[in-house]
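Asks: I need the structure of the sequence given here:
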Amino acid sequence: MMTKKNGDYDIDTAMMRVIASFFVVLIHASGIQTISEIFCNSISRFSVPVFVIISGYYMLPHKKDIRSIVRKSLRSFALMIAWSGLYFCYELICKQREQVVLLDILTYLLTEPAHLWYFYAAITLYLFTPFLHVFCKNATREEWRYALALSFFLGSFVVTALRFGISPMLSEIVDRMKVPYTLGFTFLYLLGGYLHKYFVCGRRIRITLYFLGVLGVVTTFVGTLLLPKYGFQNDLLLSFFAPNVMVPAVAFFVFVRQFFGSHMIQSIYIRRLLHRAADATFGIYLFHPFLFTIIQKNTLYQENVGVLIILLRALIVWLVSALIVDAARKIPALRKLV
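Replies: Here you go, the predicted model:
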């Protein structure tokens with residue numbers, strides 16, 4: 001996503017993208033089997049919602065031609081198929097797949113690898129952007145808040161309650177409604193547009209938001225540790241739709257936007273480096289699972305390790321991915337892939 005302001009990329013947005021992309025890698029470097037993995041996973045969950053907020057921040061304020069939106073969505077879908085094909089070929093070369101059936105290939109291209117799910121979510125938001133823009137342009141602040149409150153309640157609280165399976169009656173009601181699972185990212189997307197128009201300026205509100213953000217991360221970590229003891233699945237609070245994940249994402253966005261604007265970083269070298277790294281984040285997201293697959297085949301690879309080792313693995317994979325993607329962006333034949 002290109003983000004420009006006054007002829008230059010927003011430095012704070014570039015910083016968000018770089019930081020969030022590392023934590024996306026850290027999610028895939030972690031798990032939920034050990035305390036160290038749960039800790040790294042818990043502090044990383046905010047990263048994906050942040051990218052949705054950033055998209056809404058820049059997409060919704062401006063009118064989008066329907067044809068360009070459709071073309072963009074089709075290009076994104078084609079790119080997803082291309083990368084799925086690359087991963088499929090890699091598995092064939094590594095002999096992870098011995099039999100090749102046409103239906104299996106089609107299923108793989110449309111549903112694998114698992115981390116490419118984000119394409120479908122992004123494409124859906126893109127397709128709804130022209131409608132959402134009309135709302136963003138004409139809605140009053142009260143209507144904005146109503147839309148955010150409703151989408152947050154249905155797309156976050158209700159979905160989280162459903163995953164806990166506490167109320168069969170609620171499950172039946174929501175199943176008939178058919179809407180909550182479409183509203184989690186819609187809330188984040190709309191919130192991005194709201195923050196573009198009405199940024200959080202009140203000091204008390206920001207401090208409260210930062211406190212709730214930290215509390216959300218702590219809740220994710222402690223809850224993920226304790227839930228199995230009470231008969232629940234240990235990944236319930238790791239959902240990107242959970243309130244304890246969404247709120248830290250909002251707090252992170254507001255914090256970076258407030259304190260790391262263009263006036264805070266004057267060094268041209270650092271700004272260029274941030275822009276360059278930000279431009280590589282999408283390619284990092286697409287490419288880094290390749291490196292994890294290679295690392296996990298190494299005989300020196302160990303699973304039950306401490307937090308520092310997990311962080312180091314993620315950092316190495318992120319850096320190597322960034323360098324490869326940066327190099328690929330200079331090659332015309334590969335640039336469109338990353």
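
Asks: elements contacting the helix or strand hosting Ile27?
Replies: Assessed by DSSP states H and E, Ile27 sits inside helix 11-29. With contacts taken as 3 or more CB pairs under 8 Å, 6 or more residues apart in numbering; DSSP states H and E, helix 11-29 sits against helix 35-42, helix 47-59, helix 243-259, helix 268-279, helix 281-296, helix 307-328. (Glycine included, C-beta is placed from N, CA and C.)

Asks: Lys72 is nearest to which of these?
Replies: helix 47-59 (10.1 Å; CB to CB).

Asks: So which residues make contact with that closest one?
Replies: 1, 3, 13, 16-17, 19-24, 26-27, 118, 121-122, 125-126, 129, 133, 185, 188-193, 195-196, 240, 245-246, 249-250, 252-253 (CB atoms under 8 Å, 6 or more residues apart in numbering).

Asks: How far away from the center of its chain is it?
Replies: Offset of helix 47-59 from its chain centre (CA atoms, centre = their mean, to the nearest Å): 8 Å.

Asks: With stretch 96-105 instead?
Replies: The answer for stretch 96-105 is 30 Å, by CA atoms, centre = their mean.

Asks: list the buried ones in it?
Replies: With burial defined by 16 or more other CB atoms under 10 Å, the residues of stretch 96-105 counted as buried are Arg97.

Asks: How about stretch 40-52?
Replies: For stretch 40-52, by 16+ other CB under 10 Å, it's 40-52.

Asks: Just the closest of those to Lys137, please.
Replies: Val52 (20.0 Å).

Asks: Grab the nearest non-local neighbour of the closest one.
Replies: Leaving aside its sequence neighbours, Val52 sits nearest to Leu188 (CB to CB, 6 or more residues apart in numbering; 4.1 Å).

Asks: So that neighbour is in contact with Ala249, correct?
Replies: Yes - proximity of Leu188 to Ala249 meets the contact threshold set by CB atoms under 8 Å, at 7.2 Å.

Asks: More neighbours: these two, which one.
Replies: Neighbour count, other CB atoms under 10 Å: between Leu188 and Ala249, Leu188 has more, with 30 against 24.

Asks: Kindly calculate the angle that the one helix or strand the more buried one maps to makes with helix 243-259.
Replies: If you go by DSSP H and E, Leu188 is part of helix 184-197. If you take axes from the mean of the first three to the mean of the last three CA atoms, to 10 degrees, helix 184-197 sits at 20 degrees to helix 243-259.

Asks: in helix 184-197, what's buried?
Replies: Buried-residue list, helix 184-197, by 16+ other CB under 10 Å: 184-196.

Asks: right, and out of those, which lies closest to Leu102?
Replies: Nearest to Leu102 among those, counting by CB to CB, is Phe185 at 32.5 Å.

Asks: low pLDDT regions in the stretch 201-338 of the chain?
Replies: Along the stretch 201-338 of the chain, the parts satisfying pLDDT under 70 run over 261-263, 299-301.

Asks: coming back round to it: most tightly packed of the helices and strands packed on helix 11-29?
Replies: Highest mean neighbour count of the helices and strands packed on helix 11-29: helix 47-59, a mean of 23 (counted as mean count of other CB atoms under 10 Å).

Asks: Pull that one out as CSV, backbone CA atoms only.
Replies: Extracted C-alpha coordinates of helix 47-59, given in CSV (Å, rounded to 0.1, in the frame of the first residue of the first chain):
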residue,chain,number,x,y,z
SER,A,47,0.3,-6.6,14.0
VAL,A,48,-2.3,-7.9,11.5
PRO,A,49,-5.1,-5.6,12.7
VAL,A,50,-2.6,-2.6,12.4
PHE,A,51,-2.3,-3.3,8.7
VAL,A,52,-6.1,-3.2,8.3
ILE,A,53,-6.3,0.1,10.2
ILE,A,54,-3.6,1.6,8.0
SER,A,55,-5.4,0.5,4.9
GLY,A,56,-8.6,2.2,6.1
TYR,A,57,-6.7,5.3,7.0
TYR,A,58,-5.6,5.8,3.5
MET,A,59,-8.2,4.1,1.4
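
Asks: Quick one: mean pLDDT over it.
Replies: Helix 47-59 carries an average pLDDT of 95.

Asks: and the following helix or strand past that helix, what does it pack onto?
Replies: Moving toward the C-terminus from helix 47-59, the next helix or strand (DSSP H and E) is helix 66-93. Helix 66-93 sits against helix 102-111, helix 117-138, helix 281-296, with contacts defined as 3+ CB pairs under 8 Å, 6+ apart.

Asks: would a markdown table of these with distance to Lys336 be doable?
Replies: Converted to a markdown table, the helices and strands packed on helix 66-93 look like this (distance: least, CB to CB, whole Å):
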| stretch | distance to Lys336 |
| --- | --- |
| helix 102-111 | 18 |
| helix 117-138 | 15 |
| helix 281-296 | 11 |
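
Asks: between those helices, which gets nearest to Ala78?
Replies: helix 117-138 (10.1 Å).

Asks: re earlier: with respect to per-residue confidence, which of the buried residues of helix 184-197 is lowest?
Replies: Gly184 (89).

Asks: wait, isn't that residue in contact with Val159?
Replies: Yes - the pair Gly184 / Val159 is scored as a contact, 6.1 Å apart, by CB under 8 Å.
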